[in-house]
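A.B. asks: Quick one, fold the following:
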Amino acid sequence: MNTHPTDAELEILTVLWERGPSTVRAIHDVLEGAAEAAAARRYTTVLKLMQNMAQKGLVERDERGRAHVYRAVVSGDSTRRRLVEELAEKAFGGSTLGLALQALSSRRATPDEIEQVRDMLAALGDEPE
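C.D. replies: This next block holds a predicted model:
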């Protein structure tokens, strides 16, 4: 079974990573109010997505209470890392440099983001080979 999150599932996972375990209603309300949400989703659509995500092993459902509470099983860091690795492989022939250069040239980075990139590069340069 495909355990890669779809775009809609990734939106839900992002809410769970930011807010922690949540009910379907709470997640629906966050997505409904989010300006960046692809489209306002009906409650039943969010419920069905979360049921599918539970089957895929992306979330777990706590059924002890009246309202079921879902929590992310996969971490944000590992999911994002896997998606970036796949994008680098598919679009840049496995080149992380190509991916990084494209990302940095796609939009203007803030001074804080540039400083974070410098810090990361410095830390990578300090690692033994």
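A.B. asks: got the contact list for residue 83?
C.D. replies: residue 4 (Cβ atoms under 8 Å, 6 or more residues apart in numbering). C-betas here are computed from N, CA, C, even on glycine.
A.B. asks: Could you say which helix or strand holds it?
C.D. replies: Element membership for residue 83 (DSSP states H and E) is helix 76-92.
A.B. asks: Can you give the contact residues for the helix or strand just after that helix?
C.D. replies: Using DSSP H and E, the next helix or strand after helix 76-92 towards the C-terminus is helix 96-106. Outside helix 96-106, the residues that touch it by Cβ under 8 Å, 6+ apart are 84, 87-88, 91-92, 117.
A.B. asks: swap the cut-off to 6 Å and go again
C.D. replies: 88, 92 (Cβ atoms under 6 Å, 6 or more residues apart in numbering).
A.B. asks: Buried residues in that helix, which are they?
C.D. replies: Using 16 or more other Cβ atoms under 10 Å as the test for burial, helix 96-106 gives 99-100.
A.B. asks: Now find how far off-centre it is within its chain.
C.D. replies: 19 Å (Cα atoms, centre = their mean, to the nearest Å).
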